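Asks: how would this look folded up:
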Amino acid sequence: GLHDVPQAPSALEWFLRGGGEEKDLYMAEQRVGDIIFVPPGWWHCVLNMGDDGMTVAYTSNVITASNVLHAAEVLRVYDAPAAAALMEVFRRRHQESDSE
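Replies: Purely as a prediction, here's the structure:
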């Protein structure tokens, strides 16, 4: 199930183990006022390097009726039972909204 999925390493652990050397990797230094858009389905890693300890992150990972099939397809690779549970919840809610 979902709780059996191994935890990803922290960004610092990933970088210390040589992360960032993969091909097709994009690296950027974000400065005050900059915004970085990470397209849906892209993996990303963040290493906060500021001395002041002030960082802000906003994320919006949303599964809707328009992308649930894609989300389940991606999830199925990592956790097939979780993908099946996602689709079951979607089907139930879709049936409930149709019957209202």
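
Asks: packing partners for the helix or strand containing Val89?
Replies: If you go by DSSP states H and E, Val89 is part of helix 80-99. On a contact count with 3 or more Cβ pairs under 8 Å, 6 or more residues apart in numbering; DSSP states H and E, helix 80-99 meets helix 68-78. Every C-beta, even on glycine, is put in place using the N, C-alpha and C of the backbone.

Asks: just to revisit the earlier point, now the helix holding Val89: buried residues?
Replies: Neighbour-count burial for helix 80-99 flags Ala82, Ala83, Leu86, Met87, Phe90 (criterion: 16 or more other Cβ atoms under 10 Å).

Asks: what mean pLDDT would you report for that helix?
Replies: The average pLDDT within helix 80-99 is 85.

Asks: so where's this protein shaky on pLDDT?
Replies: For the chain, the stretches with pLDDT under 70 are 1-9, 11, 19-24, 40-41, 50, 53, 58-60, 100.

Asks: re earlier: which two in the buried residues of helix 80-99 are spaced the farthest apart?
Replies: Using Cβ to Cβ, the buried residues of helix 80-99 reach their maximum pairwise distance at Ala82 and Phe90, which is 12.7 Å.

Asks: can you pull the contacts of the closest residue to Ala72 other than its chain neighbours?
Replies: In space, and not counting its chain neighbours, Ala72 is closest to Ala83: 4.6 Å by Cβ to Cβ, 6 or more residues apart in numbering. Listed by Cβ atoms under 8 Å, 6 or more residues apart in numbering, the contact set of Ala83 reads Ala72, Glu73, Leu75, Arg76.
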